[in-house]
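Asks: Fold the following and give me the result.
(chains A and B)
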Amino acid sequence: MTETPAIELRGVCRDFRRPRTSLREAPPVVRAVQDVSLSVGRGERFGVVGESGSGKSTLLRLICGLDRPTSGEILVEGRSIGDQPARRLRWLRRRLQLVFQDPMSSLDPRMRVRDIIAEPLVSQGIGGDHGARVTELLGQVGLDPEAARRYPHQFSGGQRQRISVARALAPDPDILVMDEPVSALDVSVRAQVLNLVDEIVDGLDLTLVFVSHDLSVVRHVCDRVAVMRAGEVVETGETERLFSEPGHDYTASLVAAIPDLHAALAGRSAQDLARGVGPAS
Amino acid sequence: MSRAGDRTVLAVEGLDVGTGHTPLLHDVSFAIARGERVGLIGESGSGKSLTALAVMGLLGEGLHARGDVRLSGRTPATRNLLEVGEREMARLRGDAVSMVFQEPMTALNPTMRVGAQVAEVMRIHGTRDTAGARARAVELLDQVGLPDPAHLARSYPHELSGGQRQRVVLAIALANDPALLICDEPTTALDVTVQATVLDLVVRGVQEREAAMLFITHDLAVVATVCERVLVMYGGRIVEAGPVGEVFADPRHRYTQGLIGASDLTGEQGRRGRGALPTIPGTVPPAGRFPDGCVFRSRCAHATDECGTPPGWTPRGGADGRGSAPDEAEEQAGSAPGEAGRAAGYACFHPAGDAA
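Replies: Predicted coordinates for the structure are as follows:
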C-alpha cells in the first residue's frame, strides 16, 4: 500500500434497536449496515447505489461521523472516526463536507445566503475575510455575488443546491459527500448541477462520495460504484464494468430496470423492463 | 385523421387556464383515442399537472378555465366538461375518468383498510353492490400483482411499502374500467425495480380495458417506454407533439431538443469521453413571467427578433403515416386547428434539424 485511502471501512456494522414488542423478549434488532468493508482512494469518485432501505444513508452518516458503528472501524485519511466523541471530530468537519438531498430543508430559511455559506467558517473558527470568501464561493458555484444578501426561499431548487455546494466548499474540504443531490431536481437543472459537481471535483481535486438511488446518474458521475442491498455491499466495481457486465444478480436486475431512452426507442416495452430484459435484446 | 374520429376519448380544444390576471395555460389542444397512451412532458412549472387538473375539473379556487373539454366514455361527448356542474363531475371522476397521483400515501385514506378503499369507488358509483364490490376489490388487488390479496385487503396503507401503495391506488383507478386514465408522475417516488413493475401494470391495465391514457412525467425515458405519442409542454403551451419515436429521435422544437440533451446521461460513450452535459440555460420563470411571443425565447440560444411574435403550429412532414398532412390553414395561430393537425407538429420559428 503506497497511499492512505481517503476513506476506509473495515467490517462496519450498525444495528438499530426497534421498540420492544414484548416484556419477556429482547427488543428486535435491525441490522442496517452489515459487515461493510470498502476503501475510497484519494481523488476518486465513488458511488453508492441501492434502493430505499438498503442502508446507503446509514452508511453515509457513518462515513461523515454523524453516527457511530456498532462494530468495525472507519478511517478517514488514516484517522479513526468511529470511536471518537464529537468534540474530537472537528478536524473531520473541515476535511469532509456534506451536501443533502433537499436544499429546502437543509438551508435555514431565516438566514441570509452569506451567513449560510460562512457558517462552517464561523463554527470551525476559521479566520480571514469571510465576505470575500463567500463572494469567491458564489462565483465558483455559478451564482451572482448579489445572491449573498438574499434568503433561500428566493431561489429555485437548482440554485439552492448550488448554495448547499458553496457552503460545503467553504472550509476547503478534501472530501465531498453528496446524498442524492439531484433527486429533487428537474432534468434540465439536474444536468446543470451535475456539470457543476464535475467541474468542482475536477477543479479542486476532491474525493467524491456520491449516494443515489438513480443508477444512470451514478453511472454518469462516478468512477467506481458499490451496490447495496439490505445493509450489505453486494458488489463493488468500476462503473462501466458494473453496468456492462454486472457480477451479481441483484446488480443485473437493477441495471435492467433502468428506463433508457435509446432502448425504449429501439422497442423495449414496459413489460420488458419489468421482466428485466436488458437493453441489448 | 382516420384513427381519431369516433374513437376519440378525450378531446381538448383551446384550453386556457388562469387566475384573474395571470394566464397559466394557453390554447392547449390535444386528443387521445381509445387504447392510446399519450405522454405529457416538461419541467416543473410548465403546466403539466394543471392540464390534468383542468380535465378532471379539480382546479383550485380562483382558477378559471375556458375552452372545450369533451370526454366520450360510456356516453357520447355531447357536453363541454368545463361547463358541467360539480355534482356531475363527481359522478365522472373515478368512473369514466380516473387518476393516479405521485404520492400514494396522500392519495389513500390512512384510517381505512385498503380493500375497503378499492370497494368504495365501486359502491359510490353503483357499479357493484357491497358484497360484489368487496369480492371485486380482492380480484383487482390480485390483478395489480399484490401477494395474498385477500389478506392484504385488510391492511391499512401505512402497513404497505410505497410500491404496494401505488398498486392499490392503481387498483382503485382501474376499478370501474375508466375510459380515460390520467397518471401524474406515478412512479417518481419509487425505486427503479418497483417502477418497472408498476409501469408494466399501468400499461397492462389500460391495454386490457382499451382505455385512453394521459401520462404525466418529467422522465423522458419513462415516456418513451410507456407511451406511443408525446406532448411537450413549456410555459403553459404545448410546444411540440408527435409519435414518441419521431419526437425523441428527431426533436424539432428547441425546448424538446434541450430536454432530451439534458436527460440523456447514458450516451453511447462513458462520462469522460463526452465532457459536460448539454443544459438548458436558466430556469423556468415563475407563472406569468414568461416572455411574450415564443415562451421559450428567454432561454433559447436560437432566439431572434422574430420570436417576439407567437410562433404558429407547423405540422410535421407527413412521414409518420398517421395522416398528419400539412394544412396551411393551421399555420395561423388561434384558427382552431383540427385534431389531426395537432397530432404531430411544433411551434418554433427556428426548428432543430433544419439545415438553414
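Asks: Assign a three-state SS to A:Leu107, would you?
Replies: Under the three-state scheme (DSSP: H, G, I helix; E, B strand; the rest coil), A:Leu107 adopts coil.
Asks: Now do the contacts for it.
Replies: The contact partners of A:Leu107, taken as Cβ atoms under 8 Å, 6 or more residues apart in numbering or on different chains, are A:116, A:152, A:160, A:163-164, A:167. For the C-beta atoms, the positions are set from N, CA and C on the backbone; glycine is no exception.
Asks: Mind checking which of those are in helices?
Replies: Residues of the contacts of A:Leu107 located in helices (DSSP state H): A:116, A:160, A:163-164, A:167.
Asks: can I see the domain layout of chain A?
Replies: The domain map for chain A lists A:7-245, A:246-281, with the assignment taken from automatic domain parsing.
Asks: worst average pLDDT in the ones you listed?
Replies: Summarising mean pLDDT across the domains of chain A, the least confident stretch is domain A:246-281, with a mean of 82.
Asks: Return the set of buried residues in that domain.
Replies: Of the residues in domain A:246-281, those with enough neighbours to count as buried (16 or more other Cβ atoms under 10 Å in any protein chain shown) are A:246, A:248, A:250-252, A:254-265, A:268, A:270-274, A:278-279.
Asks: does that domain come close to chain B?
Replies: Yes - using Cβ under 8 Å from any Cβ of the partner chain, domain A:246-281 reaches chain B at A:253-254, A:257-262, A:264-265, A:268-271, A:273-276.
Asks: in the sheet, who's paired with B:Met233?
Replies: Bridge pairing for B:Met233 (DSSP bridges) gives the partners B:Ile238.
Asks: pretty sure it contacts B:Val38?
Replies: No - using Cβ atoms under 8 Å, B:Met233 is not in contact with B:Val38, being 11.9 Å away.
Asks: follow-up on the earlier one: most neighbours among the contacts of A:Leu107, which one is it?
Replies: Ranked by the number of neighbours (other Cβ atoms under 10 Å in any protein chain shown), the contacts of A:Leu107 place A:Ser164 first, at 26 neighbours.
Asks: hang on, isn't that residue packed against A:Pro103?
Replies: Yes - between A:Ser164 and A:Pro103 there is a contact at 5.1 Å, judged by Cβ under 8 Å.
Asks: got the contact list for A:Gly55?
Replies: Applying Cβ under 8 Å, 6+ apart, the residues contacting A:Gly55 are A:14, A:32-34, A:228, A:230-232.
Asks: Out of those, which end up buried?
Replies: The neighbour count (16+ other Cβ under 10 Å) marks A:14, A:32-34, A:228, A:231-232 as buried among the contacts of A:Gly55.
Asks: which one of the residues you listed sits closest to B:Ala211?
Replies: Taking Cβ to Cβ as the measure, B:Ala211 lies nearest A:Met228 of the buried ones among the contacts of A:Gly55, at 38.3 Å.
Asks: Surely that closest one is within a strand?
Replies: Yes - counting by three-state DSSP, A:Met228 is located in a strand.
Asks: contacting residues around the closest residue in space to it that isn't next to it in sequence?
Replies: Leaving aside its sequence neighbours, A:Met228 sits nearest to A:Gly50 (Cβ to Cβ, 6 or more residues apart in numbering or on different chains; 3.5 Å). In this structure, A:Gly50 makes contact with A:56, A:213, A:227-229, judged by Cβ under 8 Å, 6+ apart.
Asks: Just the closest of those residues to B:Ala189, please.
Replies: Once Cβ to Cβ is applied, the member of the contacts of A:Gly50 that ends up nearest B:Ala189 is A:His213, at 10.6 Å.
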